[in-house]
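Peer 1: Here is the input, now give the coordinates:
(chains A, B, C and D)
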There are 2 protein chains.
Amino acid sequence: MPEGRTGQGYSGESLLFLTDEQLRQGIEAMFFAYRGFTADPDRILAEMSYGRAHHRAIHFINRSPGTTVNNLLSILGVTKQSLNRVLRTLIGDGLVISKVGELDKRERHLYLTEQGQALEATLSDAQRARMRAAYKDAGPEAVQGFKTVLEAMMDADMRRAYAKLRD
Amino acid sequence: MPEGRTGQGYSGESLLFLTDEQLRQGIEAMFFAYRGFTADPDRILAEMSYGRAHHRAIHFINRSPGTTVNNLLSILGVTKQSLNRVLRTLIGDGLVISKVGELDKRERHLYLTEQGQALEATLSDAQRARMRAAYKDAGPEAVQGFKTVLEAMMDADMRRAYAKLRD
DNA sequence: CTTGGAATGTCAACAACACTGACATAAACT
DNA sequence: AGTTTATGTCAGTGTTGTTGACATTCCAAG
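Peer 2: Take a look at the predicted model:
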């Protein structure tokens, strides 16, 4: 087997050599970049006794105010027990409120309180600052490519969830 | 304030509008894509009783055979206690061997056994298959942009570690 | 109106993976 | 000889995830 050469060889029209080495670089880039991606919010969250799970919940509640627990569950891809523990602390700390549904009273609709919005803004600002700097460094064409590859990397159901949020 | 517009406005020469909305899409793309990125190896690892930490150790030992514990530590960005726990199980299970350094006998140089290489290949193949598919979908220019943005997103020391691995 | 099932919440137990702090050993450096 | 470096290990703790079991509420179908 030719060293480092992928089984596919050429990829049809694009003349794209995809050596294992190139793919491995992409894998490592994802690993190191994700660390940077979460580093700033992580530092802020560590000061309060929150973690990434709290950040994610806050992010998506802010993104879709009034979302139900079930909806959040499918976006975050965790069990209800895991999410519930996080939501309980956020509700207890007055960052999130949960309103019983009017149409369907089983459902709980989630909203950020003012305090919750303030934390969301702090976390988002930190994360957006890094993203903005990276985008600016890389330039607009790179950004387009970045998003295209990331989208192609998602599972089908996550791609749907992602597209839905872009409406 | 103009809705969704970032405080910076234009970004100088590139005429790049970076709305909070665009940045948030990038953030969400990273979140969902990273899930896809780790999904396939995670499934394989779950069957044996290993986790992502084992995968990362195996990956970088394979990448740099004979690397020392300290070197691995700085790449992975965890504590020695955390890494040691993982290495102990991998050595115990015969996937990794640790050789006392010849020049400096304090150092332990890490290598994958044949069995370790086999697992590495299985995990890598799964992850590379997804990466290859994503690259093929997105095309070569997108891939270049993808890597550029990811690199810009890293912390400085991680960018160094990443560059070093590319030699 | 009763029953089945869906949505939610809660309790308990557990595992993976990270952390800190403390301590031990061996080897290298000064 | 004394200090620093590299590594390993033990104990304790916290966050985040998992399963499994069970209760409550309430819509909807029979």
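
Peer 1: Kindly list the longest helix within chain A.
Peer 2: Secondary structure assigned by DSSP state H gives helix A:20-47 as the longest helix of chain A.

Peer 1: any weak-confidence spans in chain A?
Peer 2: For chain A, the stretches flagged by pLDDT under 70 are A:1-16.

Peer 1: near DNA strand C, which residues of it?
Peer 2: Residues of chain A found near DNA strand C (CB under 7 Å from any atom of the strand) are A:68-70, A:73, A:80-81, A:84, A:87-88, A:98, A:104, A:106-108. The way it works is simple: take the backbone N, C-alpha and C, and place the C-beta from them, glycine included.

Peer 1: Taking the residues you listed, please make a ChimeraX selection of just the buried ones.
Peer 2: Applying 16 or more other CB atoms under 10 Å in any protein chain shown to these, the buried members can be selected in ChimeraX as follows:
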select /A:68,69,73,87,98,107,108
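
Peer 1: Give me the distance between the nearest residue to A:Leu123 once chain neighbours are set aside and B:Ala156.
Peer 2: If you skip the residues right next to it in sequence, A:Leu123 has A:Pro41 as its closest partner in space, 4.7 Å away by CB to CB, 6 or more residues apart in numbering or on different chains. With distances taken as CB to CB, to the nearest Å, A:Pro41 is found 18 Å from B:Ala156.

Peer 1: Over to A:Val100?
Peer 2: Remark: distance between A:Val100 and B:Ala156 (CB to CB) = 49 Å.

Peer 1: Please enumerate the helices of chain A.
Peer 2: All helices of chain A, identified by DSSP H, fall at A:20-47, A:52-63, A:69-76, A:80-92, A:114-138, A:140-153, A:156-165.

Peer 1: other SSEs contacting the fourth one?
Peer 2: Other elements packing on helix A:80-92 under the criterion 3 or more CB pairs under 8 Å, 6 or more residues apart in numbering or on different chains; DSSP states H and E are helix A:52-63, helix A:69-76, strand A:96-100.

Peer 1: Next: the third one.
Peer 2: For helix A:69-76, the helices and strands in contact under the criterion 3+ CB pairs under 8 Å, 6+ apart are helix A:52-63, helix A:80-92, strand A:108-112.

Peer 1: same question, the first one
Peer 2: For helix A:20-47, the contact count by 3+ CB pairs under 8 Å, 6+ apart identifies helix A:52-63, helix A:114-138, helix B:20-47, helix B:52-63, helix B:114-138, helix B:140-153, helix B:156-165 as packing neighbours.

Peer 1: now, which of the residues of chain A next to DNA strand C sits nearest DNA strand D?
Peer 2: A:Gln81 (3.7 Å; CB to the nearest atom of the strand).

Peer 1: Look up how far A:His55 lies from that closest one.
Peer 2: Between A:Gln81 and A:His55 the distance, using CB to CB, works out to 19 Å.

Peer 1: repeat for A:Ala134
Peer 2: Counting by CB to CB, the gap between A:Ala134 and A:His55 amounts to 19 Å.

Peer 1: More neighbours: these two, which one.
Peer 2: Just comparing A:Ala134 and A:His55: by other CB atoms under 10 Å in any protein chain shown the higher neighbour count belongs to A:Ala134, 24 against 21.

Peer 1: so of the helices of chain A, which one's packed in deepest?
Peer 2: Among these, ranked by average contacts under mean count of other CB atoms under 10 Å in any protein chain shown, first place goes to helix A:140-153 (a mean of 22).

Peer 1: Now do that one against helix A:114-138, angle only.
Peer 2: Counting by axes from the mean of the first three to the mean of the last three CA atoms, to 10 degrees, helix A:140-153 points 120 degrees away from the direction of helix A:114-138.

Peer 1: Helix A:140-153 vs chain B: in contact?
Peer 2: Yes - Helix A:140-153 lies in contact with chain B when judged by CB under 8 Å from any CB of the partner chain; the contacting residues are A:140-153.

Peer 1: who's in contact with the nearest residue to A:Val86 once chain neighbours are set aside?
Peer 2: Closest residue to A:Val86 in three dimensions, ignoring its sequence neighbours and counting by CB to CB, 6+ apart: A:Ala53, at 4.8 Å. Contacts were defined as CB atoms under 8 Å, 6 or more residues apart in numbering or on different chains; by that measure A:Ala53 touches A:Val78, A:Ser82, A:Leu83, A:Val86.

Peer 1: Closest residue of chain A to DNA strand C?
Peer 2: As assessed by CB to the nearest atom of the strand, DNA strand C sits closest to A:Asn70 within chain A, at 2.7 Å.

Peer 1: List the contacts of the closest residue to that residue other than its chain neighbours.
Peer 2: What sits nearest to A:Asn70 in space, not counting adjacent residues and going by CB to CB, 6+ apart, is A:Glu107, at 7.4 Å. Going by CB under 8 Å, 6+ apart, A:Glu107 touches A:Thr68, A:Val69, A:Asn70, A:Val100, A:Gly101.

Peer 1: With that, I have no additional questions.
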